[in-house]
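Enquirer: predicted coordinates and the sequence they were generated for:
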Amino acid sequence: MLRYVRSSSVVSRVIAEETLIVPVRRGVGDLASIYSLNPAASSIWNAISEPRTQNEIIELLQQEFDAPTKAVVSDVDAFLSEMSAAGLVETTEVEVAA
């Protein structure tokens, strides 16, 4: 089972209620690649401050937002895919006890 967590090579800050993510490359913030997150993406980012499965993230967002399950699943899937491709989110494989 995959768990998602923030990459250790990024810095994030909330400024004026907006979450900003700055990748760190060779010890320096890559200011040309700043990511600004909307409220749903910010909630996902907060959720993955510790390793979580996609289903755990979806459950957390459903508690926070009044949105159809299909929309939440789609948003979480898109966020995790895009952020993983950009190297901002890492995955770890966790064995499930039988």
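Expert: Perfect, I can see it now.
Enquirer: what's the weakest-modelled helix or strand in this structure?
Expert: The element with the least model confidence among the helices and strands of the chain, by mean pLDDT, DSSP states H and E, is strand 28-29, at a mean of 54.
Enquirer: next secondary structure after it?
Expert: Beyond strand 28-29 in the direction of the C-terminus, DSSP states H and E gives the next helix or strand as strand 35-37.
Enquirer: so which elements touch that next one?
Expert: Other helices and strands packing on strand 35-37, by 3 or more CB pairs under 8 Å, 6 or more residues apart in numbering; DSSP states H and E, are strand 18-25. Any C-beta I mention is one placed from the backbone N, CA and C, and that applies to glycine too.
Enquirer: how far does the strand it packs on sit from the chain's center?
Expert: 12 Å (CA atoms, centre = their mean, to the nearest Å).
Enquirer: mind saving the C-alpha coords of it as CSV?
Expert: Only the C-alpha atoms of strand 18-25 are listed here, as CSV (Å, rounded to 0.1, in the frame of the first residue of the first chain):
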residue,chain,number,x,y,z
GLU,A,18,-2.1,31.1,0.6
THR,A,19,0.1,28.0,0.7
LEU,A,20,3.3,28.5,-1.3
ILE,A,21,5.7,25.6,-2.0
VAL,A,22,9.3,26.2,-3.1
PRO,A,23,11.4,23.3,-4.3
VAL,A,24,15.0,23.4,-2.9
ARG,A,25,17.7,22.4,-5.4
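Enquirer: that one pairs with which strands?
Expert: Strand pairing for strand 18-25, determined by DSSP bridges: strand 10-15 (antiparallel), strand 28-29 (antiparallel), strand 35-37 (antiparallel).
Enquirer: in the single longest helix found in the chain, what counts as buried?
Expert: The helix spanning the most residues in the chain, taking DSSP state H as the definition, is helix 69-85. Neighbour-count burial for helix 69-85 flags 72-73, 75-76, 79-80, 83 (criterion: 16 or more other CB atoms under 10 Å).
Enquirer: other residues contacting stretch 49-57?
Expert: Contacts of stretch 49-57 with the rest of the structure, by CB atoms under 8 Å, 6 or more residues apart in numbering, involve 1-6, 44, 47-48, 60, 76-77, 80, 92, 94.
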